[in-house]
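Asks: Sequence first, then the predicted structure, then my questions.
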Amino acid sequence: MKIGTAVILAAATAILAACAALQSSPRDEALALMQRDFHAQGIAGMDRLKEDPVQAACNKYNDNPPADLAKKLQGEQYAGVKWPADGKLLGDWKSGEKIAQNGRGMAWSDKGGVGGSCYNCHQIDPATTAFGTIGPSLSQFAKLRGYGTDIQRYAYSKIYNAKAYSICSQMPRFGHAGALTEQQMKDITALLMDPASPVNR
Amino acid sequence: MRQALMRGLGAAVAAASLPLAMAQTEDPVAADFDKFRAIMEEANPAELFDAKGEQLWKTPGGPKKASLEKCDLGLGPGVVKGAYAQMPRYFADVDRVMDAEARIVHCMITLQGFKYEDLAKKPFSSATATPDPVSITTYVAANSAGMKFAPPQSHPKEKAAYAAGKEVFFYRAGAFDFSCASCHGVDGQRIRTQPLPNFTKPEQAIRAVQGWPGYRMTGGVMHTLQWRLNDCYRQQRFPEPGYTSEMLSALLTYLTVNAQGQEYKGPGIKR
């Protein structure tokens, strides 16, 4: 009797599960497929498939979340920016150019963060002709915007976490993700901000 | 012979329409490459892998010493002509949607007795070795040259694969917050010097599937769409997708259906 009830219950549960599967949304189905069909490789673990609050909001609202949610999340992202302890934001622009040119890092074929991939998407030094157009041109960055501390802070924090300013920006959060070190971000900031950098000549 | 002739004609047509293609491409670097590719297509090394694949298809092999001539690519056992242009599709025997390479690997397992684990261990070409499924996929693909992409969307699981593939395409995650759409969801963008087609639009989605399988000049190796998607996910900073997995078949369904009705020119040349 007891066993019979258990069998019926199990069968009912199975039928319910089957119904749920039939009714699952394309998103649920995609998530289930990804969870099953990806595997960890090198430094790229399965945790990378999990959305953080920013990714979740951008996925849910097709990169256009409601203004109040965007503002709240941007505030949280900005609050997470770690400023250099020595208070200096400008490193070596020559090193910055090398980091900007390097498109490697954070893939399963890498050991960790390597470069900034900046030229993949941005024009920076006008003399470097192989540049992408996914992001805006950064040529004459400080010449156009000014060389002051506020703009330095803006450049550094944008590299650290672009989502602090535009929640669904296509730009990676290099500091937040641990893809660039503090020194590397200082060097790229110098590439954009140093009056001697070819960016501003 | 007839295939070679057809491909020769295709190259001639491509060369004739070159000034138009160049006029459409604003980027001089990309235009130069288009020109180079048109020249290379006249003697595409992909033909070598097509021939090797044909031999592998017809010759008994594997632990079961069987050929692949009874493999059903969706148009009936042994029918190769036109099959590639009509995949991914639903296969009742496995109750899932499969893309061409997934189906070929399935046939190598069921008909020839190979093990998936062995085929998936080193599935992509290197400078020293080209895995058999790559050559066989090239042969099967060459037999759809000149045909229009027509992946079926009548079975509920084919529709579900398209819908899930679309979700996969737009799913942002990982260390860099990327999705497929980060690079392939907007018109007219470029990564470094490489133009990025917008796969959400039918007229550009063809560029996701055109030219694959392709002989890649970088490294000089023959690659299929399984490799292309694997390398996309590497650069997307995601974990690694399973070789011939259902997830990749769903993504390929989304891309191929978006390109439906457009002509497949056969195995190609890639940068």
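Replies: On my side now, so go ahead.

Asks: Going by C-alpha atoms from here, please, whenever you check contacts or count neighbours.
Replies: Will do.

Asks: Name the residues of stretch B:46-55 that are buried.
Replies: With burial defined by 16 or more other C-alpha atoms under 10 Å in any protein chain shown, the residues of stretch B:46-55 counted as buried are B:46-47, B:49-54.

Asks: Off-centre distance for it?
Replies: Stretch B:46-55 has its C-alpha centroid displaced from the chain centroid by 15 Å (C-alpha atoms, centre = their mean, to the nearest Å).

Asks: Hmm, residue A:157 is touching residue A:81, no?
Replies: Yes - judged on C-alpha atoms under 8 Å, residue A:157 makes contact with residue A:81 at a distance of 6.5 Å.

Asks: More neighbours: those two, which one.
Replies: Of the pair residue A:157 and residue A:81, residue A:157 is the one with more neighbours under other C-alpha atoms under 10 Å in any protein chain shown, namely 26 against 17.

Asks: Pull out the buried positions in the helix or strand hosting residue B:163.
Replies: According to DSSP states H and E, residue B:163 maps onto helix B:156-170. Across helix B:156-170, burial judged by 16+ other C-alpha under 10 Å covers B:157-170.

Asks: Which member of the buried residues of stretch B:46-55 is positioned nearest residue B:104?
Replies: residue B:53 (11.2 Å; C-alpha to C-alpha).

Asks: Pretty sure residue B:137 is one of the things the closest one touches, is it not?
Replies: Yes - using C-alpha under 8 Å, residue B:53 is in contact with residue B:137, at 7.2 Å.

Asks: Which strand or helix spans residue A:28?
Replies: Going by DSSP H and E, residue A:28 is part of helix A:26-37.

Asks: Let me know the angle separating that helix from helix B:156-170.
Replies: 80 degrees (axes from the mean of the first three to the mean of the last three C-alpha atoms, to 10 degrees).

Asks: Do helix A:26-37 and chain B come into contact?
Replies: Yes - Helix A:26-37 lies within reach of chain B by C-alpha under 8 Å from any C-alpha of the partner chain, at A:26-27, A:29-31, A:33-34, A:37.

Asks: Enumerate the residues of the stretch 1-150 of chain B near chain A.
Replies: So the stretch 1-150 of chain B never meets chain A (C-alpha under 8 Å from any C-alpha).

Asks: Which parts of the stretch 1-150 of chain B are strands?
Replies: Applying DSSP state E, counting those that start in this stretch to the stretch 1-150 of chain B gives strands spanning B:89-91, B:96-98, B:147-148.

Asks: tell me the domain ranges of chain A?
Replies: A:2-69, A:93-200 (automatic domain parsing).

Asks: Out of these, which is the most enclosed?
Replies: domain A:93-200 (a mean of 20; mean count of other C-alpha atoms under 10 Å in any protein chain shown).

Asks: close to chain B, is that one?
Replies: Yes - legend: contact between domain A:93-200 and chain B by C-alpha under 8 Å from any C-alpha is shown at A:106-109, A:119-121, A:130-134, A:170-174, A:177.

Asks: and the gap between the residue nearest to the spatial centre of chain A and residue A:145?
Replies: The residue lying closest to the centre of chain A (C-alpha atoms, centre = their mean) is residue A:172, at 2.7 Å. Separation of residue A:172 from residue A:145 (C-alpha to C-alpha, to the nearest Å) stands at 23 Å.

Asks: for chain B, which spans come out with low pLDDT?
Replies: B:1-30 (pLDDT under 70).

Asks: May I see the domains of it written out as residue ranges?
Replies: Split by automatic domain parsing, chain B gives B:1-43, B:44-270.

Asks: Pick the most deeply packed of those.
Replies: domain B:44-270 (a mean of 21).

Asks: so how far does it reach from one end to the other?
Replies: So domain B:44-270: terminal residues 10 Å apart, C-alpha to C-alpha.

Asks: Ok, stretch B:253-263 next?
Replies: Note: stretch B:253-263 ends 16 Å apart using C-alpha to C-alpha.

Asks: what about it and chain A, any contact?
Replies: No - Stretch B:253-263 does not reach chain A (C-alpha under 8 Å from any C-alpha); its nearest approach is 12.1 Å.

Asks: measure the closest residue to residue B:138 other than its chain neighbours to chain A for me?
Replies: Beyond its immediate neighbours in the sequence, the residue positioned closest to residue B:138 (C-alpha to C-alpha, 6 or more residues apart in numbering or on different chains) is residue B:50, lying 5.1 Å away. The spacing between residue B:50 and chain A, counted by C-alpha to the nearest C-alpha, to the nearest Å, is 29 Å.

Asks: same thing with residue B:232?
Replies: Counting by C-alpha to the nearest C-alpha, the gap from residue B:232 to chain A is 11 Å.

Asks: Repeat that for residue B:204.
Replies: Taken as C-alpha to the nearest C-alpha, the span from residue B:204 to chain A is 17 Å.

Asks: before we move on, the earlier item: I'd guessed the residue nearest to residue B:138 sits against residue B:139; true?
Replies: Yes - with contact defined as C-alpha under 8 Å, residue B:50 and residue B:139 form a contacting pair (4.1 Å).

Asks: Tell me which stretches of the chain form helices.
Replies: As the question left the chain open, I've gone with chain A. With DSSP state H, the ranges of helices along chain A come out as A:2-23, A:26-37, A:53-60, A:67-79, A:93-101, A:118-121, A:141-145, A:149-160, A:182-193.

Asks: think we crossed wires, I meant chain B
Replies: Going by DSSP H, chain B shows helices at B:2-16, B:18-24, B:28-40, B:46-58, B:100-110, B:116-121, B:132-142, B:156-170, B:180-184, B:202-209, B:225-235, B:246-258.
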